[in-house]
Structure formats: structure tokens, C-alpha cells
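Peer 1: got a sequence here, can you build the structure:
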Amino acid sequence: MPLARIVTPSLFSLIDKEIGVRARGPRGRLAATLALAAVVLLWMVRDYEHRLAVRALEARTYNGADPVRASAYPGLANPFAGLE
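Peer 2: From the prediction side, this is the model:
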């Protein structure tokens, strides 16, 4: 069965060539490129905000002592939840 899933699309493309259907480029290339760019931009913004949050935590003192380690974990739905 898995072999049929691999072979079937190539057979249908042969049928299209015989009928004379004009070859189109890959559909959805622009949408995929824009989606990838949006994901990368989102990661960059979240990384920047994460670094700001960690720096803010590192700048604080706790009972007069500098922190040894600081980390920030955003919420799943709202990355700014918990910041006060």
C-alpha cells in the first residue's frame, strides 16, 4: 500500500501530459514563502522579547544579592502573561 501512494501521483502526471494539460508551476509557492517568513518574523520577535525579559530579571536584586540564574517562560496563549 505505501508503494501505491508513491507511484500514483506520477501516474496521474503522465495522464495530464498525454491529454495536453499545460504544466503549471508549483501551486502555493507564494503562500508558503509568506507563511515561512511570518513564522521566522514571529520567532525573531519572541526571541527579542524573551531576551528583554531575562535582562529585566537579571537586573533585579533579591534580598540584596544578584541573581545566580534567571529564566523566563511565556504562556502558550499569551507570551506577556505573568509580566507585571
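Peer 1: okay, and for this protein, where does confidence drop off?
Peer 2: Applying pLDDT under 70 to the chain picks out residues 1, 13, 15-25, 74-84.
Peer 1: show me the helices in it, by range?
Peer 2: 2-19, 29-59 (DSSP state H).
Peer 1: and the longest one, which residues are buried?
Peer 2: What it means is helix 29-59. For helix 29-59, the neighbour count (16 or more other C-beta atoms under 10 Å) marks Ala53 as buried. Every C-beta, even on glycine, is put in place using the N, C-alpha and C of the backbone.
Peer 1: pull the distance from that helix to the chain's centre.
Peer 2: Per C-alpha atoms, centre = their mean, to the nearest Å, the displacement of helix 29-59 from the mean C-alpha position of its chain is 9 Å.
Peer 1: check stretch 53-70 too.
Peer 2: 30 Å.
Peer 1: let's see it as PDB, backbone CA atoms only.
Peer 2: Extracted as PDB, the C-alpha positions of stretch 53-70 are listed here (Å, rounded to 0.1, in the frame of the first residue of the first chain):
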ATOM      1  CA  ALA A  53      12.500  39.700  30.000                       C
ATOM      2  CA  VAL A  54      15.700  37.800  31.000                       C
ATOM      3  CA  ARG A  55      17.700  41.000  31.100                       C
ATOM      4  CA  ALA A  56      15.000  42.600  33.300                       C
ATOM      5  CA  LEU A  57      15.100  39.600  35.700                       C
ATOM      6  CA  GLU A  58      18.900  39.700  35.800                       C
ATOM      7  CA  ALA A  59      18.900  43.400  36.700                       C
ATOM      8  CA  ARG A  60      16.800  42.800  39.900                       C
ATOM      9  CA  THR A  61      18.300  42.100  43.200                       C
ATOM     10  CA  TYR A  62      16.900  39.600  45.600                       C
ATOM     11  CA  ASN A  63      17.400  40.300  49.300                       C
ATOM     12  CA  GLY A  64      20.400  42.400  48.300                       C
ATOM     13  CA  ALA A  65      22.100  39.700  46.200                       C
ATOM     14  CA  ASP A  66      22.400  39.500  42.500                       C
ATOM     15  CA  PRO A  67      20.600  36.500  40.900                       C
ATOM     16  CA  VAL A  68      22.700  33.500  40.000                       C
ATOM     17  CA  ARG A  69      20.400  32.400  37.200                       C
ATOM     18  CA  ALA A  70      17.400  33.900  35.500                       C
END
